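A.B. asks: sequence unavailable; structure follows:
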Ligand code: NDP
Ligand code: 8X3
């Protein structure tokens with residue numbers, strides 16, 4: 001029987017690359033995000049190329065009612081989720097704390113912390129019941145260090161790191177693994193979202209350096225998933241060669 005993985009934020013970036021990787025490895029997939037059309041396209045592509053089944057669910061992780069409506073009543077063949085990948089998230093803005101925009105702060109806190117919690121709250125009870133499962137949270141170098149103007153985004157990713165530890169402790173007695181995958185700079189739609197559609201500014205983020213690709217991060221996620229049952233890859237920091245810390249880069253002129 002095929003294992004089931006649920007990936008939040010599969011319409012772009014890491015989530016899409018993880019879906020493509022797990023589809024190749026023969027998982028059935030629940031893919032989520034707000035952009036329904038992209039989910040449908042991905043479902044058709046993955047089913048056609050890999051002969052697996054894909055359930056696309058379009059909802060906003062910030063809204064508990066929507067999350068509950070979608071994940072609280074899964075058809076029986078989709079209920080037994082083996083792997084949950086909490087990936088949906090974003091940065092919005094890059095301002096010093098005294099110039100921060102309240103709406104940006106709310107979006108980051110509601111998505112990166114509350115959204116991750118809502119999804120986990122609905123998926124983890126079945127894992128506990130089955131005494132089996134693996135929760136993978138996508139953190140960030142921003143969850144280990146704070147960089148200039150990163151304030152609230154960094155705080156949300158520190159929260160993801162703390163929640164990953166908390167989940168590992170709470171799930172210990174049920175045999176459920178928790179992995180934190182913390183990437184550095186990766187070229188996805190992330191910077192375009194952070195800079196609110198400003199392509200020039202987003203492109204400049206990676207000037208003179210080679211960032212990670214979404215596929216690099218999918219490889220790290222699969223490394224954790226493919227470990228033997230008795231092994232929990234708890235914490236993975238994956239950085240581009242040209243990045244030493246949250247704010248130290250080697251850029252070719
Ligand atoms: P992308 O912008 O390419 O993808 C983000 C995904 O999250 C999209 O599928 C988006 O779907 C989904 N998403 C965002 N907000 C919501 C929401 N409210 N409800 C449901 N889905 C949502 O970014 P990345 O792939 O780079 O980011 C994925 C994760 O990795 C994030 O948690 C990010 O913080 C983290 N990260 C990114 C790094 C980078 O440099 N790129 C480095 C380290 C960590 P949709 O818009 O369709 O809803
Ligand atoms: C995304 C990477 O360094 O912009 O989490 O925070 S960074």
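C.D. replies: That came through, no problem. Fair warning: this is a prediction, and the values are worked out from it, not measured in the lab. Ligands and ions are numbered 1, 2, ... in the order given.

A.B. asks: which residues are contacting stretch 110-118?
C.D. replies: Contacts to stretch 110-118, defined as CB atoms under 8 Å, 6 or more residues apart in numbering, come from residues 8, 60-62, 64, 67-68, 86, 88-90, 137, 153, 156-157, 159-160, 163. Every residue, glycine included, has its C-beta placed from N, CA and C.

A.B. asks: just the strands in the stretch 1-150 of the chain please.
C.D. replies: 4-7, 28-33, 54-58, 83-86, 133-138 (DSSP state E, counting those that start in this stretch).

A.B. asks: most tightly surrounded among those?
C.D. replies: strand 83-86 (a mean of 28; mean count of other CB atoms under 10 Å).

A.B. asks: filter the contacts of stretch 110-118 down to just the buried residues.
C.D. replies: Among the contacts of stretch 110-118, those classed as buried by 16 or more other CB atoms under 10 Å are 8, 61-62, 64, 67, 86, 88-90, 137, 153, 156-157, 159-160, 163.

A.B. asks: which among the residues you listed gets closest to ligand 1?
C.D. replies: In terms of CB to the nearest ligand atom, no member of those lies closer to ligand 1 than residue 89, at 2.3 Å.

A.B. asks: how close does the closest one sit to residue 61?
C.D. replies: When CB to CB, to the nearest Å is the yardstick, residue 89 and residue 61 sit 9 Å from each other.

A.B. asks: so which residue is dead centre in this protein?
C.D. replies: residue 87 (1.2 Å; CA atoms, centre = their mean).

A.B. asks: distance of it from residue 12?
C.D. replies: For residue 87 relative to residue 12 (CB to CB), the value is 10 Å.

A.B. asks: next one: residue 64
C.D. replies: Taken as CB to CB, the span from residue 64 to residue 12 is 23 Å.

A.B. asks: what's the answer for residue 194, then?
C.D. replies: Taken as CB to CB, the span from residue 194 to residue 12 is 13 Å.

A.B. asks: likewise for residue 206?
C.D. replies: 16 Å.

A.B. asks: look through the protein and tell me its longest strand.
C.D. replies: In the chain, assigned by DSSP state E, the strand with the most residues is strand 176-183.

A.B. asks: how about that strand, does it reach ligand 2?
C.D. replies: No - figure legend: strand 176-183 not in contact with ligand 2 (CB under 6 Å from any ligand atom); closest approach 6.7 Å.

A.B. asks: quick one: strands adjacent to that strand?
C.D. replies: strand 133-138 (parallel), strand 235-238 (parallel) (DSSP bridges).

A.B. asks: in stretch 151-171, what's buried?
C.D. replies: So, applying 16+ other CB under 10 Å, buried residues of stretch 151-171: 151-161, 163-164, 167-168, 171.

A.B. asks: tell me the one of those residues nearest residue 245?
C.D. replies: residue 154 (12.5 Å; CB to CB).

A.B. asks: tell me the contacts of the closest one?
C.D. replies: Taking CB under 8 Å, 6+ apart as the test, what residue 154 contacts is 142, 143, 145, 146, 147, 246.

A.B. asks: can you list the residues you listed in TSV and add pLDDT, neighbour count and distance to ligand 1?
C.D. replies: Shown next, in TSV, are those (pLDDT from 0 to 100; neighbours: other CB atoms under 10 Å; distance: CB to the nearest ligand atom, whole Å):
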residue	pLDDT	neighbour count	distance to ligand 1
142	98	23	7
143	98	25	8
145	97	15	12
146	98	16	14
147	97	15	12
246	96	20	10
